[in-house]
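Enquirer: can't give you the sequence, but here's the structure:
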C-alpha cells in the first residue's frame, strides 16, 4: 500500500484503524496448569490482579487461606513507560494511515518487555517465611518448576511468560 491518494482513501484507512483494538496482558483464556500446589487452573489475569492489589488466596494443595500483600508491577510499568508506549503506538497508526501494513508485534514486544522488567524488579514486601519454606520443600521434592525460593512474583516464571497480545477488528 502507499499513501492515500484521496480523502476517501484516508477516511477508509482511518475507519479501519478505528475498528481495531489491541489488548496486551494476560488474556481471558490463559490459565495456570492444573498442577497443585500451584494455582490449580486459575486464570492468570486473576492471579496478576491479586498480586498487583493484594487479597486473600487459597493454596491449591491444602486449601489454607493466606493474605497476599500488594506488590504492584503493572501500574508502575504504566507510570514509567506509558508515554513511550503511546509514542510507539502512534507511530504504528501513522504508518497505517500512510499505507504501511499494520505491525503490532514489535509494539507488543516493547510493552511485554517493560512489564516483565517491572515484575522482575519487585522486591518488596519480601515473601513470608512460610512461602519461602513451601518453595524450598517443593524444590526438594523434585519440582523443576521452582525458579526462585525468595523472589516475589516469580516462582515458576509462568506469569512472566504468559503475557500475550490480541488484535481484534470489529
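Expert: Thanks, I have the structure now. Since the structure is predicted, the reported quantities are computational estimates derived from the model, not experimental observations.

Enquirer: C-terminal to the lowest-mean-pLDDT helix or strand in the chain, what's the next element?
Expert: For the chain, the helix or strand with the lowest mean confidence is helix 7-18, at a mean of 79 (criterion: mean pLDDT, DSSP states H and E). Scanning the chain past helix 7-18 towards its C-terminal end, the next helix or strand to appear is strand 20-25 (assignment: DSSP states H and E).

Enquirer: packing partners for that next one?
Expert: Packing contacts for strand 20-25, counted by 3 or more Cβ pairs under 8 Å, 6 or more residues apart in numbering; DSSP states H and E, involve helix 105-121, strand 164-169. Where you see a C-beta, it was placed from the backbone N, CA and C, and this is true even at glycine.

Enquirer: so where's this protein shaky on pLDDT?
Expert: When residues are selected by pLDDT under 70, those of the chain lie in 1-4, 35-40, 60-61, 102, 143-148.

Enquirer: longest helix in it, by residue count?
Expert: Longest among the helix segments of the chain by residue count, using DSSP state H, is helix 74-97.

Enquirer: which secondary structure elements does that one contact?
Expert: With contacts defined as 3+ Cβ pairs under 8 Å, 6+ apart, helix 74-97 has these neighbours: helix 7-18, helix 44-53, helix 105-121.

Enquirer: Any chance of CSV for the ones you listed, columns mean neighbour count and distance to residue 65?
Expert: Formatted as CSV, the helices and strands packed on helix 74-97 follow (neighbours: other Cβ atoms under 10 Å; distance: least, Cβ to Cβ, whole Å):
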stretch, mean neighbour count, distance to residue 65
helix 7-18, 12, 46
helix 44-53, 18, 12
helix 105-121, 16, 24
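
Enquirer: of all those, which lies closest to residue 129?
Expert: Taking Cβ to Cβ, helix 44-53 is the member of the helices and strands packed on helix 74-97 nearest to residue 129, at 18.7 Å.

Enquirer: helix or strand right after the closest one?
Expert: Remark: after helix 44-53, the chain's next helix or strand is strand 55-58, criterion DSSP H and E.

Enquirer: Mind listing what's buried along that following strand?
Expert: If you call a residue buried by 16 or more other Cβ atoms under 10 Å, then strand 55-58 has these buried ones: residue 57.

Enquirer: Neighbouring strands of it in the sheet, and parallel or not?
Expert: strand 65-68 (antiparallel) (DSSP bridges).

Enquirer: Pull the distance from the strand it pairs with to the chain's centre.
Expert: In terms of Cα atoms, centre = their mean, to the nearest Å, the centre of strand 65-68 is found 22 Å from the chain centre.

Enquirer: Equivalent analysis for stretch 135-144, please.
Expert: Centroid separation for stretch 135-144 versus its chain: 26 Å, with Cα atoms, centre = their mean.
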